[in-house]
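Asks: Pasting a predicted model and its sequence here:
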Amino acid sequence: MSLAFSPLLTRALANVRPEVAADASGVLVTVTQLGQLIGVATFGALYLNRLDASGAHGSGHALRVCALALPAAAIVGVSVGLVRRRQRVDSQQG
């Protein structure tokens, strides 16, 4: 996260006018924290939902499910971002 977060914030704020930079930064950080909150709550609920047995076996199964769901959620997020970017580029050209 540390490798991606700083360049992401820099890129997001690069084209913002200086007089609204503080507001834009505040909104961006708030949305980022909200996304982290939703992610922790979602995957925490998934983990606890899949915790079917006590002990190491139950924890291992729940952890395996979450370990597979995290990359799947990342792929969906990247795909949505690419589709939105493609639509924006097409609308600017057309």
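Replies: That came through fine.
Asks: what are the C-alpha coordinates of the helix or strand bottoming out on mean pLDDT in the chain, in CSV please?
Replies: Across the helices and strands of the chain, mean pLDDT, DSSP states H and E gives its lowest value to helix 2-13, namely a mean of 77. What follows is helix 2-13, C-alpha atoms only, in CSV (Å, rounded to 0.1, in the frame of the first residue of the first chain):
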residue,chain,number,x,y,z
SER,A,2,2.8,2.4,0.8
LEU,A,3,4.2,1.9,-2.8
ALA,A,4,0.9,2.8,-4.4
PHE,A,5,-0.6,5.3,-2.0
SER,A,6,1.8,8.3,-2.4
PRO,A,7,1.9,8.2,-6.3
LEU,A,8,-1.9,7.8,-6.4
LEU,A,9,-2.5,10.8,-4.2
THR,A,10,0.1,12.8,-6.3
ARG,A,11,-1.6,11.8,-9.5
ALA,A,12,-5.1,12.6,-8.2
LEU,A,13,-4.1,16.0,-7.1
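Asks: immediately after that helix, which helix or strand?
Replies: Next helix or strand after helix 2-13 toward the C-terminus (DSSP states H and E): helix 21-50.
Asks: which residues touch the residue positioned nearest the centre of the chain?
Replies: The residue lying closest to the centre of the chain (CA atoms, centre = their mean) is residue 35, at 6.0 Å. By CB atoms under 8 Å, 6 or more residues apart in numbering, the contact list for residue 35 is empty. Just so you know, the C-beta spots here come from the backbone N, C-alpha and C atoms, and that holds for glycine as well.
Asks: any idea how far it is from residue 24?
Replies: 16 Å (CB to CB, to the nearest Å).
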